[in-house]
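J.: Predicted model and sequence below, questions to follow.
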Amino acid sequence: MTQAARGMGAFDVAVIGAGVVGCAVARDLALRGARVVVLEKAPDILAGASKGNSAILHTGFDAPTGSLEHACVQAGYREYLAIRSSLNLPVLETGAVVVAWTEDEVARLDAIESTARANGVGDVVRVDRAALLAREPNLSPRALAGLLVPGEHVIDPWSAPLAYLLQAMSRDAAVLRGTELLGGRFEAGRWRLDTSAGPIEATAVVNCAGLHGDTVDERLTGRRHFDIRPRKGQFVVFDKAAARLLGTIVLPVPTERTKGIVLTPTVFGNLLVGPTADEQEDRERADVDTPTIEALLEKAADILPALAGMPVTATYAGLRPATERKEYRYRHEPELNLVTVGGIRSTGLTAALGLARHVGTAISGETHRTPPSDAPSLAVPVLAEHMARDWTRPGYGEIVCHCEMVTRREIEAALSGPLPAGDIGGLKRRTRAGMGRCQGFHCQARVAALTAGRLAVPMAAGRCDD
Amino acid sequence: MTDGPRHLSCDVAVIGAGPAGLSAATALARAGVGTVLVLDREGEAGGVPRHCGHPPFGLREFGRVLTGPSYAARLRDEARSAGADLRTSHSIVALLPDGRLDVMSPAGRIDLRARRIVLATGMRESSRAARAVGGTRPLGVINTGALQAYLHLEGLVPFRRPLIVGTEWVGLSAVSTCLRHGIRPVAVVEAGRRASAPWPFSLFPRLAGIPVHFGTVVQSIAGRERVEGATLRHADGTVRTLACDGVLFTGAFVPEATLARTGHLRLDPATGAPARDAAGRSSDPCVYVAGNVSGAARSAGWSFRDGRAVAAAVAADLRALPRQAQAAGDRPREREAQP
C-alpha cells in the first residue's frame, strides 16, 4: 500500500473518511476535474456512522430554517433525484406522516407545518384521523392527526455512497482503504500527510472523518474545534411479511433532542423501527441491548398493532457523530486549504450531495462543475425489492442467500471490480447476503467459502484439516 | 431482459426435498396420482440430514442406522425410483391461490400450476437477533445449521472455543460435533432449570468436561471483528463474562413458513406456522402442509412419517376429484399461458 500511495504522486485533494459524506465529496471534486485521494482507516467504506441509519431521503421540512443543514439537505435531495437513474439507484416514494398521538402533539403540528412551509416544503398536508387511517389502515386507531410530507422517500443507504465513490474512481480518484491519517503539516501551500500507508501529498484536505472528525481535526490543526459525542441509535428490522402493513414513513412529533423513533418501510422490503438516542463515549462499539430492543418492539406494535408477534429479522445500532452543538460543524480555512465537515448527525445520507457541492465550490472557488448528465454513468447492483434484482435474470449460477435471493453472480461481482468488498460488512452492504430472516443459518458457510482469501478478516477461523 | 416464464403443470408439487417432502413424494408417486414434482432451493435434495454427519437416522424408516448424508441419499433414491421428478436449485418466489407457484431456476422463471401442493419447507433455529440478545455483531455468532454446513459441506471451522446456547437434542449434538472437529466449547448455557433433552443424554456435555450452567442466559456478545466474549446472566441475577471466540445458538426452532406468511395461507398464531388439520390440510384446499413447517420441532423420522400420512390424504383427495384429461407419462406438462 505504501508503494502504491507513493506511486500515485501528488493529489489535488485528500478526503479523510469514506462515509457517505466523504464518498459524495470525492465525487463532487473528481467531477470538477480534481485529482482526489480518499483515505479510509477501515477495511471498507461506510464502516462508521454511515453503516447504520434509517435510509430516509429527507425533504428538509423540519430542518432549522436558513441553516447550512437546511440548504444541504434540500440540495442533496434534488441532486439525488437528478442523478439516481444514471447510477441505477432506487427511490421508494413513500411519503411520510408526522403522527400526533396526544392533544399536546396535535397542537404542535401547527409549528411543524409552518416550519415546513418556511423551509420551502409547500406540499405538506394536514390530515385528520380518518384520512390517516384511510391511508394507513393498519395504523393504531389511537392516532389523532398528522402532517403528511409527500416528498419524504426511502433509498438504499449503502448503494448510493458506493455509487458516488465509484463515479469518483471513474474520474481517477484513488481510494486507500485500511489507511489511517496519523498527522499532517501544511507547508508552502501543500499538505504533507502522514498515514499508516506512508506519506501522501495533497494541495487541500477535506475532513469527512465522521465519528473521528475531532481526532482528525486535532491531527491536522493541533486542536479540536469540536468534540464528537457519539449518539447511538438502536434499530429493529422486521420480517418482509411486515412490509405490506405500512406504505408510509411514520414519524413522531420530534423533541428538541431527537427526531424520535420512526417506523419506515425499507427499499429491501422490510419494515424498520428506530432509532433510539443514547449518548456514549465509545466511537466504535455499536451494540444493542435487550431491554431497548424489547422497548422498540413494544413501540412498533403500539404504532402498528399487527406487528405484535411479527418475527424479527435483525437488530443493529448506528452511531451518529453528534457534537456538543446541534448544528453541522462545517469550517473552511482557506489559509490552510482545509475544509472540515463535522457533526453530520441524522441527515447526512440526504445532505451528503449538498454538502459535497458546498465543499467543492469552496475548494475550487467556483460553482461550475461537470453537470451530472455529462458525468460517467455506471450501474451499481440493484438491491431494492421493487426493482429487478439479479436473480430475475437467468445464468446467475446459484442462489446463495435464499432469504434475500442473493446470487453467486452478485457475490462474485461484489468481490471484484474497482472497489471490492473489504470485509463481511462491506459484502453484506453490497449484496445483502446473510441479512435476511435466517441471519445466515442457511448461507453463512457457503458465503465463507466463496469469500475465502478475499476479506480482511476471514469469516472462518480455519479449515477442518488444520 | 428475459423471455416470459415457462408454463408447466403437474398433479402434485412438493415444496422442499427434506425427509417430509421426499417421503410424501415417494408415497404420492407410488399411489399413482400422476406427475409429482419436488422443488428444492438447495443444489442437492435431502434437506437438513445432508449436513448432519452423525447417526442415528433411518432406523424405523429403513430398518438400519444411517448417517445423515446416507439417509438423505436413501430418501432421494426412493423418491426417484418411485417416479417423482426432483428439481433442485428451484426457488419458490411466491405461493399463490389455485395451486399456482411462481418459481425461479437458473434456467429461468416457471409459472407452475399443480392440482395439489405439499408445503414441506421444514424449520430453522432462531437467530441471535430473533432472540433479542444484546451486544455487538462480530463474526462467530451462528446456529447449529450453519456450524454443520461449515464443517460438513465447506470443510471450514467457524470458531475454536465457542459458548453453546441451549440443551435441546440439537445442542447436545452440536457439542459432539464440535468435539469431533477439535472445537472445544467453553460452556453450555440453558435458560431453563434443567436440560431440554432427556436424561441421561443431557449428561453428555458434563461427561465431556464442559461446564453446563442452568438458569442462565446470554445477555450480550462482545467483540469487534470476531467474538471475544459473552456476558452471562444467572437466575440469581449475577452477571459474569466468559472469554470465547464464538457463540452457537442451538434449537429454539421456528417453522420456515415464509411462503405461508408472505402468501395467503392462514397462520397458527401460537406457532407462526401455516395452520393445518391432522391430515395436513391448510386454509387453502389446494395446499397441504407436511413435516416441521407445521410448527413441530421433531425428528427426521417423524417428518418422514408425517410426509407419508399427508401424502395419503392428498392421494385420497385427488382420487375423489373428477378425473381431468391428462397427458400420458410422468413428466410435467407444458401448458399454454393463462391470464
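T.: All right, it came through fine.
J.: Counting residues, name the longest strand you see in chain B.
T.: Across chain B, the longest stretch assigned as strand under DSSP state E is strand B:108-119.
J.: The helix or strand that that strand is followed by: partners in the sheet, and parallel or antiparallel?
T.: Note on strand B:108-119: by DSSP states H and E, the next helix or strand toward the C-terminus is strand B:123-125. Applying DSSP bridges to the sheet, strand B:123-125 is found paired with strand B:253-255 (antiparallel).
J.: Could I get the average pLDDT for the strand it pairs with?
T.: Confidence for strand B:253-255, expressed as mean pLDDT, is 95.
J.: Next: stretch B:139-158.
T.: pLDDT averaged over stretch B:139-158 gives 96.
J.: repeat for stretch A:352-364
T.: The pLDDT scores in stretch A:352-364 average 95.
J.: before we move on, back to that, the longest strand of chain B packs against which elements?
T.: strand B:6-15, helix B:19-30, strand B:91-96, strand B:100-105, strand B:287-289, helix B:300-320 (3 or more C-beta pairs under 8 Å, 6 or more residues apart in numbering or on different chains; DSSP states H and E). C-beta here means a position set from N, CA and C on the backbone, and glycine is covered the same way.
J.: Leaving out chain neighbours, which residue sits closest to residue A:159?
T.: Nearest residue to residue A:159, sequence neighbours excluded (C-beta to C-beta, 6 or more residues apart in numbering or on different chains): residue A:380, at 4.9 Å.
J.: Neighbours of the one you found, how many?
T.: Taking other C-beta atoms under 10 Å in any protein chain shown as the criterion, the count of residues near residue A:380 is 20.
J.: just checking, it touches residue A:89?
T.: Yes - at 6.8 Å, residue A:380 and residue A:89 qualify as touching, with contact defined as C-beta atoms under 8 Å.
J.: what about residue B:64, distance to residue B:180?
T.: 22 Å (C-beta to C-beta, to the nearest Å).
J.: tell me which residues of the helix or strand residue A:349 falls within are tucked away?
T.: For residue A:349, the host element (DSSP H and E) is helix A:348-364. Neighbour counts over helix A:348-364 (16 or more other C-beta atoms under 10 Å in any protein chain shown) mark A:348-361, A:363-364 as buried.
J.: what residues are up against residue A:129?
T.: A:141, A:143, A:144, A:145 (C-beta atoms under 8 Å, 6 or more residues apart in numbering or on different chains).
J.: Which of the residues you listed fall in helices?
T.: Nothing among those maps onto helices, per DSSP state H.
J.: Kindly reformat those residues as TSV containing pLDDT, distance to chain B and neighbour count.
T.: Below are the contacts of residue A:129 laid out as TSV (pLDDT from 0 to 100; distance: C-beta to the nearest C-beta, whole Å; neighbours: other C-beta atoms under 10 Å in any protein chain shown):
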residue	pLDDT	distance to chain B	neighbour count
A:141	97	21	10
A:143	98	25	19
A:144	98	29	16
A:145	98	32	21
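J.: Closest one of the residues you listed to residue B:271?
T.: residue A:141 (28.2 Å; C-beta to C-beta).
J.: Grab the nearest non-local neighbour of that closest one.
T.: residue A:133 (6.6 Å).
J.: For the one you found, identify the helix or strand it belongs to.
T.: Per DSSP H and E: helix A:129-135 holds residue A:133.
J.: buried set for that helix?
T.: In helix A:129-135, residues buried by neighbour count (16+ other C-beta under 10 Å) are A:129, A:132.
J.: One more: stretch A:422-437?
T.: Neighbour counts over stretch A:422-437 (16+ other C-beta under 10 Å) mark A:422-437 as buried.
J.: for stretch A:177-191, same thing?
T.: Residues of stretch A:177-191 classed as buried: A:177, A:178, A:179, A:180, A:181, A:184, A:186, A:191 (neighbour count, 16+ other C-beta under 10 Å).
J.: can you list contacts of that stretch?
T.: By C-beta under 8 Å, 6+ apart, stretch A:177-191 touches A:1, A:5, A:10, A:14, A:16, A:18, A:39-45, A:192-197, A:201-205, A:209, A:216, A:219-220, A:336-338, A:422, A:456.
J.: Let me see the contact set for the closest residue to residue B:151 other than its chain neighbours.
T.: In this structure, residue B:151 finds its nearest non-sequential neighbour in residue B:181, 5.5 Å apart by C-beta to C-beta, 6+ apart. Residue B:181 is in contact with A:464, B:151, B:157, counting by C-beta under 8 Å, 6+ apart.
J.: Weed out the non-buried ones from those.
T.: B:151, B:157.
J.: Which SSE is immediately downstream of the biggest helix by length in chain A?
T.: If you go by DSSP H, chain A has its longest helix at helix A:68-87. Next in sequence after helix A:68-87, counting helices and strands by DSSP H and E, comes strand A:96-100.
J.: on contacts alone, who are the packing partners of that following strand?
T.: Using 3+ C-beta pairs under 8 Å, 6+ apart as the test, strand A:96-100 ends up in contact with helix A:103-118, helix A:129-135, strand A:145-149, strand A:249-252.
J.: Distance to residue B:45 added to those, as a markdown table?
T.: Compiled in a markdown table, the helices and strands packed on strand A:96-100 are given as follows (distance: least, C-beta to C-beta, whole Å):
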| stretch | distance to residue B:45 |
| --- | --- |
| helix A:103-118 | 56 |
| helix A:129-135 | 46 |
| strand A:145-149 | 51 |
| strand A:249-252 | 43 |
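J.: can you tell which of those is closest to residue B:42?
T.: strand A:249-252 (37.0 Å).
J.: could you say what helices and strands the very next helix or strand once past that closest one packs with?
T.: Of the helices and strands lying after strand A:249-252 in sequence (DSSP H and E), the nearest is strand A:262-265. With contacts defined as 3+ C-beta pairs under 8 Å, 6+ apart, strand A:262-265 has these neighbours: strand A:249-252, strand A:271-274.
J.: which residues touch strand A:262-265?
T.: By C-beta under 8 Å, 6+ apart, strand A:262-265 touches A:54-56, A:92, A:94, A:96, A:154, A:243, A:246-252, A:271-275, A:300, A:303-304.
J.: Quick one, which of these are buried?
T.: Using 16+ other C-beta under 10 Å, the buried ones in the contacts of strand A:262-265 are A:54-56, A:92, A:94, A:96, A:154, A:243, A:246, A:248-252, A:271-275, A:300, A:303-304.
J.: hmm, which helix or strand of chain B has the shakiest average pLDDT?
T.: The helix or strand of chain B with the poorest confidence is strand B:333-334; it has a mean of 80 (mean pLDDT, DSSP states H and E).
J.: Would you give the sheet partners of that strand, along with the direction of each?
T.: Partner strands and pairing direction for strand B:333-334 (DSSP bridges) are strand B:6-15 (antiparallel).
J.: What ranges does the stretch 101-250 of chain B have for its helices?
T.: Applying DSSP state H, counting those that start in this stretch to the stretch 101-250 of chain B gives helices spanning B:144-148, B:169-180, B:204-207.
J.: Which one of these lies nearest to chain A?
T.: Proximity to chain A (C-beta to the nearest C-beta) singles out helix B:144-148 among these, at 4.5 Å.
J.: Can you tell me the closest non-neighbouring residue to the residue of the stretch 251-400 of chain A found nearest chain B?
T.: Closest to chain B within the stretch 251-400 of chain A is residue A:289: 4.0 Å, counting by C-beta to the nearest C-beta. Nearest residue to residue A:289 in three dimensions, chain neighbours excluded: residue B:134, at 4.0 Å (C-beta to C-beta, 6+ apart).
J.: Give the bridge partners for the one you found, please.
T.: Assigned bridge partners for residue B:134, using DSSP bridges, are residue B:220.
J.: can you pull the contacts of it?
T.: Residue B:134 touches A:287, A:288, A:289, A:290, A:293, B:219, B:220, B:221, counting by C-beta under 8 Å, 6+ apart.
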